[in-house]
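Asker: one predicted model, sequence on top.
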Amino acid sequence: MIARLCCGGVQGVEGFRVDLEVELVRRGLPAFVMVGLAEGAVREARERVLAAVRAGGFRLPPARVTVNFAPADRRKEGSAYDLPLAVGLLCAAELLPEGCAQGWFLAGELSLTGELRAVPGILPLALLARKEGAKGMIVPAANAAEAAAVQGLPVYGMASLGEVAAFLAGARAASPVPFVRPELEHPAYPVDFADVRGQEHAKRAIEIAAAGGHNLLFVGPPGSGKSMLARCIPTVLPPLTFEESLEVTKIYSVAGRLGSHGLILERPFLEQHPTASEIALVGGGAIPRPGAVSLAHRGVLFLDELPEYPRGALEVLRQPLETGEVTISRSAQIVTFPADCMLVAAMNPCPCGYLGDPGHECVCSPAQIRRYQGRISGPLLDRIDMHVTVPAVPYDELQSGRPGTSSAVMRERIAAARAVQRERYRSMPGCRTNADLAGRALSVWCEPDKAGQAFLREAVHNLALSARAYTRILRIARTVADLDGCEHVELRHLAEAVSCRVLDRDRG
Ligand SMILES: Nc1ncnc2c1ncn2[C@@H]1O[C@H](COP(=O)(O)OP(=O)(O)O)[C@@H](O)[C@H]1O
Ligand SMILES: [Mg+2]
C-alpha cells in the first residue's frame, strides 16, 4: 500500500512543496529505504519515527518500507519531515484510515517517545500550505502561534504523534488556533534621544538617515556618545507594518531564534562586536543560516568599533549594502536571505581616539592613523551614505540638564517624511524610501535646480567624490527636501546632504 502526503522544505526563507510517498510491502526482507536527496537529520528521521510510532502504541508489521521525497533534485534537510513521515507510515500500514491525511499539511520533529518538538521555518511552511490550498496545517504546539499568523489557514497545534493520529482518524476533536491580527504600535523603549545632551548635529543626521533609510557612520572620540546615539535609533523609526512583521519573522524562524513567539513585532536592532565571526555577521554554515545583517532586516544593524573588524568580514557586507540581500553558496546550492537593514557604524578617528579633539592630545603617528583608517576599504566607506562627526560634548553642556530634542519630536518628523515617500513610490515595487532610488527614478525625483547643479559640480570636483558618492548625495538631498516639505531638491538641501557625507577632518 502506498500513502501520499504533502509537506514542505525551506530554502532561504521560502518554503517549497515536497511530495512524500511511503510504500509498505509485507513481502521480502524487512527494510527501510529513503530516496530523494534526504540529508542529515532527514536520514536520522527513520530512528525517531520508528521509535515514536512504537511509543504511540502502534505495531508496524514486518515489511519493506520505501520512502520517496519529490522533487528528487532538491535537498531535504532538518527534522520537520518526521511528522509527515510517521503519519505516512501509519497510513501505508493501514493503521490509520485510507486518505485521512489527504489535504493536510504536516510538519514537526518527533522525540523517541512520540512528542512533537518545535522546528525552525514554520512560518515559511505555513505560507506555503496556504498557497497549496491545504485544508489545514498540523504543527507542534510550540509552533502554533507562529503558523497562526497566516490568515485563512486553519492551524492545529498538537503535543504528540498519538494526538495527531487520533485527530486524523476522527477519534478526537480539536479546534484551530485563531488568527489574530497583531497590534503594531510604537513600542515603549527604555532609551530616548532627550537623554542625549548636545549632539544636535548628529541627531539631525540620524533624523535624515531614519527618514530616508540611509546608512550612517559616526566618527568621534571615546565617550562622545556614539553608542548611545545608535541605541536610540529604533525609538524614532516607524512601527513595523504587518507585512514587514511577517518578513522579519520568517528570518528569525529559519534562524531558529523565534522561540514560541508568534510574530516579531518590533523593528530589529542588532548590535555586533568586532569579535563576531564572519558567519555570525553575514550568515552561512553547513546548513546556511541568516547572520546579523539578515536578522536586522527592516531594522538597524549597529557595528561598533568598525576598524576592529576583520577586513574580510567587512568586505562581504558590501553585497547586502548594495542589494539588500545576502547570497550564500554552498556545494551546488545557492541560498538567499533578505538583508535590507539600516547600517549604523561607529569608529574612533584614530587608534588613541582623540584625533581632532580639542580636550586631548592625539598621540598617534600619521602612519598609525593612516593604517587605522585604511582598515575600512574605500568601496565600503563609499557605500555608507552619511559620515558624521560626533565630537566630545563640553562639560557645561553635559551638566546643563537641558533636555535635547526628544525621540517623539524626531519620530513625528520622520513619519511625515516617510509618508511623502510612500505616496511618491506607491507604484514602484521595491522602492520604499529614498535610499532605494536608482536609475531613472533617481534622476526623475532628485533632479536639482540650476543653482543646485552648479553647487554639486563644484562639490564633486573639490571633494573628489566618486560617482557612487554623487548618487548617494542626491538621495540624501531628496530626504532633506522631504523633511523640509519641498517638492523639488534645492541648493540648501544639497548643501546639507554634502555636509552629511564629509567628516570634519576632510574639510578644506
Ligand atoms: N551626549 C551625551 N549626553 C549624555 N550622556 C552622554 C553623552 N555622551 C556620552 N554620554 C555618557 O557616556 C557614556 C558613554 O558613551 P558612549 O555612547 O558609550 O560613547 P562612545 O560610544 O562614543 O564611546 C554613555 O553611556 C552616557 O552615559
Ligand atoms: Mg562606543
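Answerer: Everything's here; your move. Since we're looking at a predicted model, the values are computed, not measured. Residues are numbered from 1 along each chain as shown. Ligands and ions are numbered 1, 2, ... in the order given.

Asker: pass me the low-pLDDT residue ranges in the stretch 301-450 of the chain, would you?
Answerer: 332 (pLDDT under 70).

Asker: what's around the residue in the stretch 51-200 of the chain that ligand 1 sits nearest to, how many residues?
Answerer: Across the stretch 51-200 of the chain, the shortest distance to ligand 1 (C-beta to the nearest ligand atom) belongs to residue 197, at 3.6 Å. All C-beta atoms are positioned from the backbone trio N, CA, C, and that covers glycine. When neighbours are counted by other C-beta atoms under 10 Å, residue 197 registers 19.

Asker: right, and it touches residue 398 too?
Answerer: Yes: the pair residue 197 / residue 398 is scored as a contact, 5.2 Å apart, by C-beta atoms under 8 Å.

Asker: mind listing residues that contact stretch 418-433?
Answerer: Contacts to stretch 418-433, defined as C-beta atoms under 8 Å, 6 or more residues apart in numbering, come from residues 211-213, 238, 434, 436-437, 441, 445, 479, 482, 485.

Asker: who wins on neighbours among those residues?
Answerer: Neighbour-wise, the contacts of stretch 418-433 (other C-beta under 10 Å) top out at residue 479, 34 neighbours.

Asker: now do that one, the pLDDT please.
Answerer: On the pLDDT scale, residue 479 is placed at 97.

Asker: and residue 259, by the same measure?
Answerer: 77.

Asker: what about it, distance to residue 249?
Answerer: Taking C-beta to C-beta, to the nearest Å as the measure, residue 259 falls 12 Å from residue 249.

Asker: between these two, which one's more packed in?
Answerer: residue 249 (23 against 10).

Asker: return the residues of the stretch 301-450 of the chain in contact with ligand 1.
Answerer: 346, 393 (C-beta under 6 Å from any ligand atom).

Asker: count of residues packed around residue 40?
Answerer: Neighbours of residue 40 (other C-beta under 10 Å): 14.

Asker: give me every residue that touches the residue nearest to it when sequence neighbours are not counted.
Answerer: Excluding the flanking residues, the one nearest residue 40 by C-beta to C-beta, 6 or more residues apart in numbering is residue 77, at 5.7 Å. Residues near residue 77 by C-beta under 8 Å, 6+ apart: 9, 39-42, 287.

Asker: which residues touch the closest residue to ligand 1 within the stretch 251-400 of the chain?
Answerer: Of all residues in the stretch 251-400 of the chain, residue 393 sits closest to ligand 1, at 4.3 Å by C-beta to the nearest ligand atom. Counting by C-beta under 8 Å, 6+ apart, residue 393 touches 197-199, 224-225.

Asker: export the residues you listed to TSV and tack on distance to residue 26 and pLDDT?
Answerer: Shown next, in TSV, are these (distance: C-beta to C-beta, whole Å; pLDDT from 0 to 100):
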residue	distance to residue 26	pLDDT
197	80	89
198	81	88
199	77	92
224	77	92
225	74	93
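
Asker: of those - the most surrounded one?
Answerer: residue 199 (25 neighbours).

Asker: buried members of the contacts of residue 77 into ChimeraX, please.
Answerer: Remark: buried members of those, expressed as a ChimeraX selection using 16 or more other C-beta atoms under 10 Å:
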select :9,41,42,287
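
Asker: can you lay out the contacts of residue 77 as a markdown table showing pLDDT?
Answerer: Shown next, in a markdown table, are the contacts of residue 77 (pLDDT from 0 to 100):
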| residue | pLDDT |
| --- | --- |
| 9 | 94 |
| 39 | 77 |
| 40 | 75 |
| 41 | 73 |
| 42 | 76 |
| 287 | 81 |
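
Asker: take the contacts of residue 77 and keep only those in helices.
Answerer: Applying DSSP state H to these, no entry is found in helices.

Asker: out of the contacts of residue 77, flag the one nearest to residue 329.
Answerer: The nearest member of the contacts of residue 77 to residue 329, counting by C-beta to C-beta, is residue 287 at 13.6 Å.

Asker: I'd say that closest one and residue 78 touch.
Answerer: Yes: applying C-beta under 8 Å, one finds residue 287 in contact with residue 78, separated by 7.4 Å.

Asker: list residues touching both of those two?
Answerer: Contacts common to residue 287 and residue 78, judged by C-beta under 8 Å, 6+ apart, are residue 40.

Asker: give me the residue from the stretch 1-150 of the chain nearest ligand 1.
Answerer: Going by C-beta to the nearest ligand atom, ligand 1 is nearest to residue 13 of the stretch 1-150 of the chain, at 32.9 Å.

Asker: number of residues surrounding that residue?
Answerer: Residues near residue 13, counting by other C-beta under 10 Å: 24.

Asker: and if you look at residue 83?
Answerer: 28.

Asker: nearest spatial neighbour of residue 67, skipping sequence neighbours?
Answerer: Using C-beta to C-beta, 6+ apart, the nearest residue to residue 67 is residue 34, at 4.5 Å.

Asker: which positions in the helix or strand that contains the one you found come out as buried?
Answerer: Residue 34 belongs to strand 31-35 when assigned by DSSP states H and E. By neighbour count with 16+ other C-beta under 10 Å, strand 31-35 contains the buried residues residue 34.

Asker: which strands border the longest strand anywhere in the chain, and is each parallel or antiparallel?
Answerer: Ranked by residue count and defined by DSSP state E, the top strand of the chain is strand 14-25. Its sheet considered, strand 14-25 pairs with strand 2-11 (antiparallel), strand 64-70 (antiparallel) by DSSP bridges.

Asker: how about those strands, which one is nearest residue 117?
Answerer: Per C-beta to C-beta, nearest to residue 117 of the strands paired with strand 14-25: strand 2-11, 16.0 Å.

Asker: who's in contact with the closest residue to ligand 1 within the chain?
Answerer: Per C-beta to the nearest ligand atom, residue 225 is where the chain lies closest to ligand 1, at 2.7 Å. By C-beta under 8 Å, 6+ apart, the contact list for residue 225 reads 196, 199, 202, 390, 393.

Asker: using JSON lines, lay out the residues you listed together with secondary structure.
Answerer: Shown next, in JSON lines, are those (DSSP: H, G, I helix; E, B strand; the rest coil):
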{"residue": "196", "secondary structure": "coil"}
{"residue": "199", "secondary structure": "coil"}
{"residue": "202", "secondary structure": "helix"}
{"residue": "390", "secondary structure": "coil"}
{"residue": "393", "secondary structure": "coil"}
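
Asker: redo those as JSON lines? Include distance to residue 491.
Answerer: JSON lines is the format used below for those (distance: C-beta to C-beta, whole Å):
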{"residue": "196", "distance to residue 491": "30"}
{"residue": "199", "distance to residue 491": "26"}
{"residue": "202", "distance to residue 491": "24"}
{"residue": "390", "distance to residue 491": "26"}
{"residue": "393", "distance to residue 491": "31"}
